[in-house]
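Enquirer: sharing a model that was predicted from the sequence below.
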Amino acid sequence: MSDQLIIFDTTLRDGEQSPGASMTKDEKLRIARQLERLKVDVIEAGFAAASHGDFEAVKAIADAIRDSTVCSLARANDRDIARAAEALQGAARRRIHTFIATSELHMEKKLRMTREQVLEQAIQAVRFARNLTDDIEFSPEDGYRSDPEFLARVVEAVIREGARTINIPDTVGYAIPELYGQFIKTLRERVPNSDQAIWSVHCHNDLGMAVANSLAGVKIGGARQVECTINGLGERAGNCSLEEVVMAVKTRRDYFGLEVRVDPSQIVPASKMVSQTTGFVIQPNKAVVGANAFAHASGIHQDGVLKARDTYEIMRAEDVGWSANKIVLGKLSGRNAFKQRLQELGVVLESEAEINAAFVRFKDLADRKAEIFDEDIIALVMDESVTQDQEHYRLVALAQRSETGERPQAQVVFAAGEVEYRTESDGNGPVDAVLKAIESKVGSGAEMLLYSVSAITSGSTESQGEVTVRLQHAGRVVNGVGADPDIVVASAKAYLSALNKLQSKTERVAAQG
Ligand SMILES: CC(=O)SCCNC(=O)CCNC(=O)[C@H](O)C(C)(C)COP(=O)(O)OP(=O)(O)OC[C@H]1O[C@@H](n2cnc3c(N)ncnc32)[C@H](O)[C@@H]1OP(=O)(O)O
Ligand SMILES: CC(C)C(=O)C(=O)O
């Protein structure tokens with residue numbers, strides 16, 4: 001038996017059957033080119049008989065793709081099969097995939113056909129398709145819920161007619177891995193000409209077992225083709241996810257002993273393209289392609305990964321197309337990850353005491369903010385070095401009240417050396433009230449040349465605000481910077497930081513004479 005596992009991607013056919021995932025011809029063509037870069041063996045481009053648009057999409061893909069086989073699905077009737085063949089005419093390698101349901105339920109209630117009629121229609125369909133092209137795949141729809149004895153008769157007959165691939169779908173995601181694997185194995189043993197075809201699995205994810213079932217079909221059943229989709233897109237709860245099945249086979253080559261042609265470095269680009277095209281967002285904890293798949297947020301894991309990646313990673317982020325793994329700093333992080341990030345940012349803190357003080361402030365910030373970005377750390381360390389060097393004024397507490405139609409009020413407690421001051425004021429806005437309250441006690445007489453606020457971390461209202469205050473007094477100009485998720489607090493810190501600098505300059509001037 002071959003040790004090559006064929007990857008049959010059906011994102012553009014079964015994936016498109018997800019409600020809301022309909023794609024235009026150009027979108028499908030763009031994804032097909034990415035699937036070719038990914039080196040999937042077969043691209044199921046659509047269902048040519050479904051509509052004029054899908055015919056054109058299958059045709060465009062067949063005309064453009066050179067390195068993967070291009071396939072169209074077709075019901076087991078001449079019209080659908082002829083339409084598929086026509087759309088696929090320009091393909092370098094083409095496949096017609098025809099199907100008909102074989103379970104009692106589907107035959108009786110949906111097709112309203114007897115077993116013998118279904119058997120005959122399957123034979124006629126494959127015979128007709130075989131006259132149009134060599135590469136024919138046959139699927140007994142709802143195969144897993146079909147009577148194995150009848151299923152074996154159908155499969156034997158279509159192989160005799162020239163079907164090269166026999167795909168046994170778990171159409172409604174009812175299978176259990178071990179049972180599905182055994183089902184395929186037993187079926188292969190029952191079909192006398194089974195070795196004249198490649199066996200394939202096509203699993204749906206209704207019970208969340210599509211990948212596990214597909215892998216059992218391979219390992220236990222001996223299937224050598226897996227039908228799958230990018231991001232597990234597909235009818236209802238989706239299909240077997242391509243990225244998971246490929247990385248399982250590659251990562252556990254010791255167990256499966258199989259080769260896949262897929263270039264894993266194209267997985268994440270493909271996943272992003274499909275997500276952006278369909279608007280189906282990828283859950284962060286999705287295996288392989290989720291934003292958190294290679295991210296570490298807790299100190300013990302971060303420490304382990306920094307010392308040896310394989311302590312907590314079984315795959316390399318770069319191998320599947322991420323730029324790198326991620327150490328996400330937050331409240332669960334430890335000193336080692338913090339120090340490493342300082343180093344990466346080129347921030348040099350001289351002593352362990354300085355690092356420890358910055359780390360305490362980092363933990364304090366992390367308690368108030370979900371994720372700490374690089375800019376947060378730089379601001380936090382800058383704040384810290386001012387504090388270490390020259391802190392005379394320190395913010396202790398602050399309260400402010402503003403209401404529509406009322407003048408904002410602020411109460412501030414700050415320390416000047418050993419003495420603590422309580423002060424209050426109103427102002428045009430909450431920031432104005434706070435700064436006026438401080439100035440009313442300090443009486444610096446400094447003129448404010450600049451007040452600016454920026455969100456120093458991207459994306460959300462959770463970001464830290466960074467406030468810069470520039471003061472001028474007696475011919476000297478100083479900048480004070482303060483950062484905090486609350487911009488009124490950041491403003492008070494920035495103002496006090498500028499006052500500290502003014503004061504230390506005053507002291508230096510006084511000392512010099
Ligand atoms: C398990 C799967 O994913 S199967 C693929 C599912 N994908 C799709 O259905 C997407 C594309 N489908 C379509 O665009 C349309 O359903 C078409 C063009 C195929 C058919 O449209 P219509 O002719 O209007 O038929 P409609 O969809 O209402 O019903 C399906 C008909 O096909 C028959 N049929 C279903 N499966 C098959 C089959 N594999 N082979 C032959 N006939 C079939 C049904 O019995 C029904 O026949 P009836 O009209 O005599 O009752
Ligand atoms: C047509 C077949 C392969 C299918 O999509 C299914 O049964 O789920």
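Expert: Nice, thanks for sending it over. Ligands and ions are numbered 1, 2, ... in the order given.
Enquirer: for stretch 92-101, give the mean pLDDT please.
Expert: Averaging pLDDT along stretch 92-101 yields 98.
Enquirer: near ligand 1, anything from it?
Expert: Yes: judged by Cβ under 6 Å from any ligand atom, stretch 92-101 comes into contact with ligand 1 at 99-100. Glycine gets a C-beta too; all of them are placed from N, C-alpha and C.
Enquirer: hmm, that stretch touching ligand 2?
Expert: Yes: residues of stretch 92-101 contacting ligand 2 under Cβ under 6 Å from any ligand atom: Phe99.
Enquirer: buried residues in that stretch?
Expert: By 16 or more other Cβ atoms under 10 Å, the buried positions in stretch 92-101 come out as 93-101.
Enquirer: what about those, which are in strands?
Expert: Using DSSP state E, the members of the buried residues of stretch 92-101 that fall in strands are 94-101.
Enquirer: which of those residues lies at the shortest distance from ligand 1?
Expert: Nearest to ligand 1 among those is Ile100, at 4.1 Å by Cβ to the nearest ligand atom.
Enquirer: any idea how far the closest residue in space to that closest one that isn't next to it in sequence is from Gly445?
Expert: Leaving out its chain neighbours, the residue that sits closest to Ile100 by Cβ to Cβ, 6 or more residues apart in numbering is Ala76, at 4.0 Å. Computed as Cβ to Cβ, to the nearest Å, the Ala76 to Gly445 distance reads 91 Å.
Enquirer: is Ala399 in a helix, a strand, or coil?
Expert: Following DSSP: H, G, I helix; E, B strand; the rest coil, Ala399 is assigned to strand.
Enquirer: so it is in contact with Gln411, correct?
Expert: Yes: counting by Cβ atoms under 8 Å, Ala399 does reach Gln411; the two are 4.8 Å apart.
Enquirer: the two: which is more packed in?
Expert: Taking other Cβ atoms under 10 Å, Ala399 and Gln411 do not tie; Gln411 has more neighbours (16 against 12).
Enquirer: doesn't the more buried one fall inside a strand?
Expert: Yes: Gln411: assigned to a strand according to three-state DSSP.
Enquirer: which ones are touching it?
Expert: Gln411 makes contact with 398-400, 422-424, 437, according to Cβ atoms under 8 Å, 6 or more residues apart in numbering.
Enquirer: what about Tyr144, how many neighbours?
Expert: Quick note: Tyr144 (other Cβ under 10 Å) scores 27 neighbours.
Enquirer: now the buried residues of stretch 92-101 as TSV including distance to Glu244?
Expert: TSV is the format used below for the buried residues of stretch 92-101 (distance: Cβ to Cβ, whole Å):
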residue	distance to Glu244
Arg93	26
Arg94	28
Arg95	24
Ile96	28
His97	23
Thr98	28
Phe99	24
Ile100	29
Ala101	27
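Enquirer: please name the residues that touch Arg422.
Expert: Neighbouring residues of Arg422 by Cβ under 8 Å, 6+ apart: 411-413.
Enquirer: Ala76 and Gly445: which is more packed in?
Expert: Per other Cβ under 10 Å, whichever of Ala76 and Gly445 has more neighbours is Ala76, with 25 against 10.
Enquirer: which parts of the stretch 1-150 of the chain sit against ligand 1?
Expert: Contact residues, the stretch 1-150 of the chain versus ligand 1 (Cβ under 6 Å from any ligand atom): 14, 17, 47, 49-50, 75-77, 99-100, 110-111, 141.
Enquirer: report the buried members of the residues you listed.
Expert: Neighbour-count burial (16+ other Cβ under 10 Å) applied to these gives 14, 17, 47, 49-50, 75-77, 99-100, 111, 141.
Enquirer: and which of those residues is nearest Leu119?
Expert: Among these, Ile100 lies closest to Leu119 (Cβ to Cβ), at 9.3 Å.
Enquirer: start and end of stretch 299-319, how far apart?
Expert: Distance across stretch 299-319, first residue to last, is 25 Å (Cα to Cα, to the nearest Å).
Enquirer: also stretch 233-247?
Expert: Across stretch 233-247, first to last residue, Cα to Cα, it's 17 Å.
Enquirer: any regions of the stretch 101-250 of the chain where pLDDT drops low?
Expert: Within the stretch 101-250 of the chain, no range satisfies pLDDT under 70.
Enquirer: for ligand 2, what are the nearby residues on it?
Expert: 139, 141, 167, 169, 171, 202, 204.
Enquirer: quick check: the fifth one touching Tyr144?
Expert: Yes: because the distance of 7.3 Å satisfies Cβ under 8 Å, Thr171 is recorded as touching Tyr144.
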